[in-house]
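Asker: Here is my input, please return the structure:
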Amino acid sequence: SYAVSYMQQLDAADLAHTAVLCFQDRYGVAGTYMCYDDRGEDLRGRVEGEIAALLARFGLRSDALMLFGASKGATIALRYASAFPEARLVVAVPQLSLPYYFSKPFFHRNLGLADRAMQSPPVGDLLRSYITEGRSIDYFYTNDDELSN
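Answerer: Numbers count the residues shown, from 1 in each chain. Alright, predicted model coming up:
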């Protein structure tokens, strides 16, 4: 809820031409980077489908889409951006080195997370490819992942 609490300060005029779709990674013990749900089923098709349905509902093209995330959310946004190459990316301190995070104690009970989350292309490689493609990216970072908060 803290991620969207700023929106409480916005009024109807601010949001007159805006549709917001928020995802929260509550799967597993410490999240699954939106790779799979609690039953172990892949989420990619469902998440991409929800985004595409929102665009269709409001008659929007994918270049009107902005994918935003911070920290783990930025990592998720980078992963899902592959399906929406015309979308604008706004990523704040994405977790680019997933093995670093999988070594943290809060992930130890998430059995199998590292293997499944690591099956997709490395997030750093995705970001580099998006930059090479000339995509619209606002990238905020720190020199140390521990400083990201």
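
Asker: use CA for all of it now, contacts and neighbours both
Answerer: Fine.

Asker: for the protein, what spans make up the helices?
Answerer: 44-57, 72-80, 98-102, 113-117, 123-133 (DSSP state H).

Asker: now those helices in JSON lines, with mean neighbour count?
Answerer: Shown next, in JSON lines, are these (neighbours: other CA atoms under 10 Å):
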{"stretch": "helix 44-57", "mean neighbour count": "13"}
{"stretch": "helix 72-80", "mean neighbour count": "23"}
{"stretch": "helix 98-102", "mean neighbour count": "14"}
{"stretch": "helix 113-117", "mean neighbour count": "16"}
{"stretch": "helix 123-133", "mean neighbour count": "15"}
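
Asker: Quick check: the gap between the closest residue to residue 37 other than its chain neighbours and residue 49.
Answerer: Ranked by CA to CA, 6 or more residues apart in numbering and with sequence neighbours excluded, the top spatial neighbour of residue 37 is residue 27, at 5.6 Å. Look at residue 27 and residue 49: by CA to CA, to the nearest Å, they are 19 Å apart.

Asker: Residue 27 reaches residue 38, doesn't it?
Answerer: Yes: contact criterion CA atoms under 8 Å: residue 27 and residue 38 qualify, at 5.5 Å.

Asker: With neighbour numbers in mind, choose between these two.
Answerer: residue 27 (17 against 12; other CA atoms under 10 Å).

Asker: Enumerate every residue touching the more buried one.
Answerer: With contacts defined as CA atoms under 8 Å, 6 or more residues apart in numbering, residue 27 is in contact with 34, 36-38.

Asker: Residue 23: which of the residues you listed is nearest?
Answerer: Among those, residue 34 lies closest to residue 23 (CA to CA), at 8.7 Å.

Asker: need the helix or strand of this protein with the lowest average pLDDT.
Answerer: The weakest-scoring helix or strand in the chain, judged by mean pLDDT, DSSP states H and E, is helix 113-117 (a mean of 59).

Asker: Quick check: the residue lying farthest from the centre of the chain vs residue 65, distance?
Answerer: Most distant residue from the mean C-alpha position of the chain: residue 13, 26.9 Å away (CA atoms, centre = their mean). Using CA to CA, residue 13 is found at 19 Å from residue 65.

Asker: got it, and residue 22?
Answerer: From residue 22 to residue 65 the distance is 13 Å (CA to CA).
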